[in-house]
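Undergrad: Sequence and computational prediction follow.
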Amino acid sequence: MMIQELLHLVYPRVCVSCGTLLQQPEQSICTTCLRSFDAFHDAAASGDAVREVLRRHYPSAPLPAAATVLYRFHRDDGLQTALHAMKYRGVFQLCNLFGALLATKIAGDSSAEDIGAVVAVPLHKLKKISRTYNQSELIARVIGRQCRLAVESRLIGRTKYTVSQTGLSAKERRTNVIDAFSPAGKPVPAHVLLVDDVMTTGSTVAAAMDVLAQCGAQKISLAIVALATS
């Protein structure tokens with residue numbers, strides 16, 4: 001019996017969403033749960049949905065040139081459970097999984113051909129010390145590796161410590177991220193791919209895009225795991 005099979009007997013690997021035993025080659029989440037998520041199957045549809053959310057909450061914010069989104073976010077479903085495990089419980093395999101799925105979509109999009117850098121929405125240094133990792137950065141690394149794009153961590157920085165956006169109203173989210181980001185000193189290429197795990201009202205993404213645009217980015221594309229559309 002292989003070592004991995006022995007470990008599976010002693011420490012059963014279960015789906016983070018539904019708790020069922022995983023089968024090879026499943027990692028962290030079962031195929032049934034993955035297929036149950038409300039997926040965007042069309043790149044144009046996901047881009048339109050992102051722009052609609054931004055227009056609704058931030059009419060003066062710059063709009064992305066393109067937006068690749070995997071799923072629609074719904075509260076209290078299996079995807080929310082998986083995202084929580086990825087963000088707070090260190091289930092890094094989900095960063096690899098979602099990063100690979102995003103990379104596959106991006107690689108097939110002609111608008112991505114001139115991307116000069118991939119950048120994750122940064123965490124404040126104190127929050128990163130507390131969590132020990134930035135899930136969006138791990139996703140960005142997978143995208144960069146699979147799409148052969150440079151991943152930059154010093155284009156923008158998080159200079160203001162903010163409370164979690166979870167549970168805040170749209171107005172509170174806007175206030176929370178005012179002056180949250182600033183240039184980090186490295187030259188910003190003309191086309192940047194900005195990566196985040198979840199977009200709700202778009203406050204964080206809008207604030208980050210605004211700083212990137214101020215630093216010289218002429219086109220900003222987005223890669224997001226889940227988007228709240230309602």
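TA: In hand now; what should we look at?
Undergrad: CA only for contacts and neighbour counts going forward, please
TA: Noted.
Undergrad: for stretch 20-37, how far is the first residue from the last?
TA: End-to-end distance for stretch 20-37: 16 Å, by CA to CA, to the nearest Å.
Undergrad: Can you give the distance of that stretch from its chain's centre?
TA: Its chain's C-alpha centre lies 20 Å from the corresponding centre of stretch 20-37 when counted by CA atoms, centre = their mean, to the nearest Å.
Undergrad: Low-confidence stretches in the protein?
TA: 1-12, 163, 167 (pLDDT under 70).
Undergrad: and it, what are its domains?
TA: Following automatic domain parsing, one gets these domains for the chain: 1-36, 39-227.
Undergrad: Mean neighbour count, those domains: which tops it?
TA: Of the domains of the chain, the one with the most neighbours on average (mean count of other CA atoms under 10 Å) is domain 39-227, at a mean of 19.
Undergrad: Could you tell me how far it lies from the centre of the chain?
TA: That offset, for domain 39-227, works out to 5 Å (CA atoms, centre = their mean).
Undergrad: contacting residues for V198?
TA: Counting by CA atoms under 8 Å, 6 or more residues apart in numbering, V198 touches F73, I224, V225, A226, L227, A228.
Undergrad: wait, which of the residues you listed is closest to D114?
TA: Among these, I224 lies closest to D114 (CA to CA), at 18.9 Å.
Undergrad: Can you name the residues bridging to that closest one?
TA: V69, D196 (DSSP bridges).
Undergrad: Now do the contacts for G157.
TA: So G157 contacts P122, L123, H124, F181, S182, P183, A184 (CA under 8 Å, 6+ apart).
Undergrad: hang on, the first one packs against E137?
TA: It stands for P122. Yes: the criterion here is CA atoms under 8 Å, and P122 meets it with E137 at 7.5 Å.
Undergrad: show me where the chain has helices.
TA: Assigned by DSSP state H, the helices in the chain fall at 3-10, 31-36, 43-57, 78-88, 92-107, 125-131, 135-147, 170-176, 203-214.
Undergrad: what's next to the longest one, contact-wise?
TA: With contacts defined as CA under 8 Å, 6+ apart, helix 92-107 is touched by 27-29, 43, 68-70, 82, 86, 112, 135-136, 138-144, 146-147, 223-225.
Undergrad: now that helix and helix 78-88, what's the angle there?
TA: In terms of direction (axes from the mean of the first three to the mean of the last three CA atoms, to 10 degrees), helix 92-107 departs from helix 78-88 by 110 degrees.
Undergrad: Now do helix 92-107 against helix 43-57, angle only.
TA: 110 degrees.
Undergrad: returning to that earlier point: need the helices of the chain in JSON lines (columns: distance to G116).
TA: Shown next, in JSON lines, are the helices of the chain (distance: least, CA to CA, whole Å):
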{"stretch": "helix 3-10", "distance to G116": "40"}
{"stretch": "helix 31-36", "distance to G116": "31"}
{"stretch": "helix 43-57", "distance to G116": "20"}
{"stretch": "helix 78-88", "distance to G116": "27"}
{"stretch": "helix 92-107", "distance to G116": "14"}
{"stretch": "helix 125-131", "distance to G116": "25"}
{"stretch": "helix 135-147", "distance to G116": "11"}
{"stretch": "helix 170-176", "distance to G116": "28"}
{"stretch": "helix 203-214", "distance to G116": "13"}
